[in-house]
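**Q** sequence first, then the predicted structure, then my questions.
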Amino acid sequence: MGAVLSKRRKRKTGVGEVKVVESCMVTPPVARSVNMVNLVREETPRRGLWLSPLDLMLINRGHTPTVYFYRSDSGATVEHFFDVDRMKVAMAKALVAFYPLAGRLGVGVHGRAEIDCAGQGALFVVARSGLTVDDFRSFRPSPELRRLFVRRVQHDSPSIICAVQVTFLKCGGVALGTAMHHVAADAISAFHFFQTWSAFSMNPSAAQKPPVVHDRTLLRARSPPFVHPDALSVFCPKLNLSDPSGPIVSETFDISKDQVASLKRACAGDSGRVSTFCALSAHVWRCVCVARRLPPDATTRLTFPASVRRSLRPPLPAGYFGNGIIWLGAAGKMRDVTSSENLSSVTGRITGAVRRMDDELVRSAIDYFELTLVETDGQPAPAGCMPETELRVISWLGMPVYDVDFGWGKPLAMVRAESERAGFVYLMDGGQGGGGVRVHMCTEAEILSDFQRLLYAKL
């Protein structure tokens, strides 16, 4: 399964201590050949994996940090709850189909970044802590949460694609921290892997559904590349950043199922129906704009990632593994967005951007990123915040977050470990089938109180 890299290193923090007791590489399994002498890696290609423009536009985003919290309510001992050997075997099996996650970020012969797929392995860390699940019951993103439970792979090798840390807590629960490089996968693909890994842990004979597709040339640029003149009116390729004007805080807000339903009715207007994403994004956008007290004639913009998978013709295969998102946007004058009578109109702006997603827009976005690859050097994204006139909403609504069950129960909660940029909002399902929504907000500390008051005022 891989040699142990280090043992018994302590990671001290202000609220507790995490002791790393094991660190190793989990590799795809090795199968013997017919003559029982030569060893080969089972079904795992050894090659450089070409990356699409939609992958390369995210190369400087680094690793996405998440933490799953699990309670041990069954009375099982720590040794049997989250059996490490069982999890390693299951991960090794999953890495056969998801072999890029066992690779390393590298550079091809033409100087273009690629994933070197040679079965080097995913980093697997085991740790113990005197903390409990209840110490994090707010499930709020924070630098502390990331330092405790998510492995900083830069300390081992910055080219590692996937790393996990299983931390056994004093209460008997477990914190599972994950770090997956964004160049390898978007949220849909990442959750596909975590679902598969956990399914193999629960049932080693589980079938792989859907089959994984690694043909990233499906998102190759046209020849010659062409960006439609209308594309940039809704497609927002650049992340605008500015220096923070003051302290930044992260907070989590829970919206109940009934509150979501009430908000959707208020946002629907004459259209009759509206998605949870569009309704919540419109409401949060308006609340932020009011809280920031910007001039009424200022132009404000909301941007958000949208999946291209079903917009292409033909659509991408269901099991496509990689990045399949582009950034869309909706804009308006501050007075129009903040008007209390205008919520359905604000929702309509977002819905309109979503509806403009078609094959030509997606192809134009791919071509745009191909033409601007020279601007992407793979260095970490610069520090900074969204300008006060902008908001970025990332939705994990409908993602199979709570399906990551390794055989010891579904997670109590899953959270992005850290959100450090003001102006970023994450929307997630609130619990195990409860129908609510959890809003993770990173914003300027000075507007947090007003934002919270406005968020719940009319729900």
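**A** Cool, the structure landed. Numbers count the residues shown, from 1 in each chain.
**Q** which of the helices or strands spans Gln165?
**A** strand 162-168 (DSSP states H and E).
**Q** what packs against that strand?
**A** helix 84-97, strand 122-129, helix 143-149, strand 174-181 (3 or more C-beta pairs under 8 Å, 6 or more residues apart in numbering; DSSP states H and E). Quick note: C-beta positions are derived from backbone N, CA and C, even for glycine.
**Q** for those, which one ends up most surrounded?
**A** strand 174-181 (a mean of 24; mean count of other C-beta atoms under 10 Å).
**Q** what's in contact with the helix or strand that comes right after that strand?
**A** With elements assigned by DSSP H and E, the helix or strand that comes after strand 174-181 is helix 187-202. Helix 187-202 has contacts (C-beta atoms under 8 Å, 6 or more residues apart in numbering) with 64, 86-87, 89-91, 93-94, 97-98, 101, 162, 178, 180, 185, 206, 208, 212, 307, 309, 319-324, 396, 399-401, 403-407.
**Q** quick one: buried ones out of those residues?
**A** Buried by 16 or more other C-beta atoms under 10 Å: 64, 86-87, 89-91, 93-94, 97-98, 101, 162, 178, 180, 185, 208, 212, 307, 309, 320-324, 396, 399, 401, 404, 406-407, out of those.
**Q** buried set for stretch 287-306?
**A** With burial defined by 16+ other C-beta under 10 Å, the residues of stretch 287-306 counted as buried are 287-292, 294, 300-306.
**Q** so what pairs up with Thr299 in the strands?
**A** Judged by DSSP bridges, the bridge partners of Thr299 are Lys333.
**Q** gap between the nearest residue to His63 once chain neighbours are set aside and Asp134?
**A** Distances taken as C-beta to C-beta, 6 or more residues apart in numbering place Ala179 nearest to His63, at 3.9 Å, with adjacent residues excluded. For Ala179, the distance to Asp134 (C-beta to C-beta, to the nearest Å) stands at 24 Å.
**Q** ok, now Thr351?
**A** Distance from Thr351 to Asp134, by C-beta to C-beta: 40 Å.
**Q** who has more neighbours, the two?
**A** Legend: neighbour count by other C-beta atoms under 10 Å for Thr351 and Asp134, higher for Thr351 (22 against 11).
**Q** so the more buried one, which of the three states?
**A** Look at Thr351: counting by DSSP: H, G, I helix; E, B strand; the rest coil, its state is helix.
**Q** need the contact list for it.
**A** Counted by C-beta under 8 Å, 6+ apart, Thr351 has contacts 271, 274-275, 278.
**Q** of those residues, grab the buried ones for ChimeraX.
**A** With 16+ other C-beta under 10 Å as the criterion, this ChimeraX line picks the buried residues out of these:
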select :274,275,278
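**Q** you'd agree Glu418 is up against Phe149?
**A** No. Assessed by C-beta atoms under 8 Å, Glu418 is found out of contact with Phe149, at 10.5 Å.
**Q** where does the stretch 1-150 of the chain have low pLDDT?
**A** For the stretch 1-150 of the chain, applying pLDDT under 70 flags the ranges 1-16, 30-43, 74-79.
**Q** show me where it has strands.
**A** All strands of the stretch 1-150 of the chain, identified by DSSP state E, counting those that start in this stretch, fall at 4-6, 9-12, 17-26, 30-32, 39-41, 47-50, 63-70, 104-107, 113-117, 122-129.
**Q** sorry, back to before: and of the buried residues of stretch 287-306, the nearest to Met441?
**A** Val288 (8.4 Å; C-beta to C-beta).
**Q** which secondary structure state is assigned to that closest one?
**A** Per three-state DSSP, the local secondary structure of Val288 is helix.
**Q** which ones are touching it?
**A** For Val288, the contacting residues are 391, 443, 447, 451, by C-beta under 8 Å, 6+ apart.
**Q** and with 6 Å instead?
**A** The contact partners of Val288, taken as C-beta atoms under 6 Å, 6 or more residues apart in numbering, are Leu391.
**Q** quick check: it vs Leu294, distance?
**A** Val288 is 10 Å from Leu294, where distance means C-beta to C-beta.
**Q** just give me the neighbour total for the residue nearest to Gly434 when sequence neighbours are not counted.
**A** Sequence neighbours aside, Lys257 is the residue nearest to Gly434 in space, at 6.3 Å (criterion: C-beta to C-beta, 6+ apart). Per other C-beta under 10 Å, the neighbour tally for Lys257 reads 14.
**Q** for Leu280, same thing?
**A** Neighbour count for Leu280, taken as other C-beta under 10 Å: 27.
**Q** tell me the pLDDT of it.
**A** For Leu280, the pLDDT comes out at 98.
**Q** which element is it on?
**A** Counting by DSSP H and E, Leu280 is part of helix 276-292.
**Q** tell me how far that helix is from the chain's mean position?
**A** Averaging C-alpha positions (C-alpha atoms, centre = their mean, to the nearest Å) puts helix 276-292 21 Å from its chain's average.
**Q** now do stretch 397-412
**A** Distance of stretch 397-412 from its chain centroid, counting by C-alpha atoms, centre = their mean, is 15 Å.
**Q** likewise stretch 51-59?
**A** How far stretch 51-59 lies from its chain's middle: 15 Å, per C-alpha atoms, centre = their mean.
**Q** again, but for stretch 172-188
**A** The chain centroid and the centroid of stretch 172-188 are separated by 8 Å under C-alpha atoms, centre = their mean.
**Q** measure stretch 429-440 end to end?
**A** By C-alpha to C-alpha, to the nearest Å, the extent of stretch 429-440 from end to end equals 11 Å.
**Q** got phi/psi on Leu294?
**A** phi -90, psi 160 (degrees, to the nearest 10).
**Q** three-state assignment of Gly398?
**A** Following three-state DSSP, Gly398 is assigned to coil.
**Q** mind checking pLDDT for it?
**A** Gly398 is given a pLDDT of 94.
**Q** next one: Glu375
**A** Here, the pLDDT recorded for Glu375 equals 55.
**Q** could you list the low-pLDDT ranges of the stretch 251-400 of the chain?
**A** In the stretch 251-400 of the chain (pLDDT under 70), the answer is 374-382.
**Q** so which residues of it form helices?
**A** With DSSP state H, counting those that start in this stretch, the ranges of helices along the stretch 251-400 of the chain come out as 257-268, 276-292, 334-338, 343-355, 359-371.
**Q** and of those, who's closest to Trp50?
**A** Closest to Trp50 of these, according to C-beta to C-beta: helix 359-371, at 12.4 Å.
**Q** now that closest one: buried residues?
**A** In terms of neighbour count (16+ other C-beta under 10 Å), helix 359-371 has its buried residues at 361-370.
**Q** and what of stretch 98-110?
**A** By neighbour count with 16+ other C-beta under 10 Å, stretch 98-110 contains the buried residues 98-105.
**Q** what do you get for stretch 238-248?
**A** By neighbour count with 16+ other C-beta under 10 Å, stretch 238-248 contains the buried residues 239, 241, 244, 248.
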